[in-house]
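# Pasting a predicted model and its sequence here:
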Amino acid sequence: MEQLKSILFIDIETVPIMPDHQHLSEAMQAEWARKAKFLKSPEGENPDAATLFNERAGIFSEFAKIVCIGIGSLVQQEDGCKMRLRALTNDNEKVLLTDFCEVINKFVGHHKEIRFSGHNIKEFDMPFLCRRMIINDVPLPPCLQLSGKKPWEVAHLDTLEMWRFGDHKNFTSLSLLACIFGIPSPKSDLDGSMVAGVYWKDKDLARIGSYCLQDVVTSAKVYLRLKGINIAIEPVYVE
């Protein structure tokens, strides 16, 4: 349990940096046009740059922003193992990232060390966070100073990497791992492809935050299963 206490489980939700392609500056439209030449739609078609922006921009840190950071940590109490959960949300990405850094600093101050865990965080969440911090002129905390480090020097606990067992051709979604492990996932009327619409059209950050924390809990349960740790965790939501 002592080792588990130093883990911060994490998931982020990202959206295109503008509600649609026409709101981009001319310079950014030109840059996206260059990027779009190498992209296809999920259906395998070759749509125009504007359509591709709506479909794909949310996964590229140069053309997207973070609107939610879900975090969770395990604590042992007399009545069992609890998972303290908090969804950081903000329209102002710089404020959001600054708040996240404050959480990190408090966590490190309490536990002396920190290890991040989540699904595919080595290739997506953590690089995305670091790039957006640099873009927003937010200083990187020491634990996120990863530039120049070799892959095996990065201590993130990535459940996708753990499941790969060295097979880097393989990609397995978090939902599939939860399914095959018999881990119940909370029913949601939202999925990753819908987040941009919920943000730009519905303006519903609370809904995005709730969805994000579902993945944080699921990734923690998957991590425990992969490590052979048989403990039940009870979610506790913190404002």
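Right, received. Where do you want to start? Residues are numbered from 1 along each chain as shown.

# Please count neighbours and contacts with C-alpha atoms only from this point.
Noted.

# Convert the longest helix seen in the chain to CSV, retaining C-alpha atoms only.
Across the chain, the longest stretch assigned as helix under DSSP state H is helix 205-226. What follows is helix 205-226, C-alpha atoms only, in CSV (Å, rounded to 0.1, in the frame of the first residue of the first chain):
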residue,chain,number,x,y,z
LEU,A,205,-17.5,20.9,-18.6
ALA,A,206,-19.1,19.1,-15.6
ARG,A,207,-20.2,16.3,-17.9
ILE,A,208,-16.7,16.0,-19.4
GLY,A,209,-15.2,15.9,-15.9
SER,A,210,-17.5,13.1,-14.8
TYR,A,211,-16.7,11.1,-17.9
CYS,A,212,-12.9,11.6,-17.4
LEU,A,213,-13.0,10.4,-13.9
GLN,A,214,-14.7,7.1,-15.0
ASP,A,215,-11.6,6.4,-17.0
VAL,A,216,-9.3,7.3,-14.1
VAL,A,217,-11.1,4.7,-11.9
THR,A,218,-11.1,2.1,-14.6
SER,A,219,-7.4,2.5,-15.4
ALA,A,220,-6.6,2.2,-11.6
LYS,A,221,-8.5,-1.1,-11.5
VAL,A,222,-6.8,-2.3,-14.6
TYR,A,223,-3.4,-1.4,-13.1
LEU,A,224,-4.2,-3.3,-9.9
ARG,A,225,-5.2,-6.4,-11.9
LEU,A,226,-2.1,-6.3,-14.0
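
# I'd like to know which elements it is packed against.
Using 3 or more Cα pairs under 8 Å, 6 or more residues apart in numbering; DSSP states H and E, the elements in contact with helix 205-226 are strand 7-16, strand 64-77, strand 80-89, strand 115-118, helix 159-164, helix 174-180, helix 195-200.

# Could you list the low-pLDDT ranges of this structure?
The chain contains residues with pLDDT under 70 at 1-2, 40-46, 151-152, 186-187.

# in it, what residue sits furthest out from the centroid?
Among residues of the chain, the one most distant from the C-alpha centroid is residue 78; the distance is 30.8 Å, by Cα atoms, centre = their mean.
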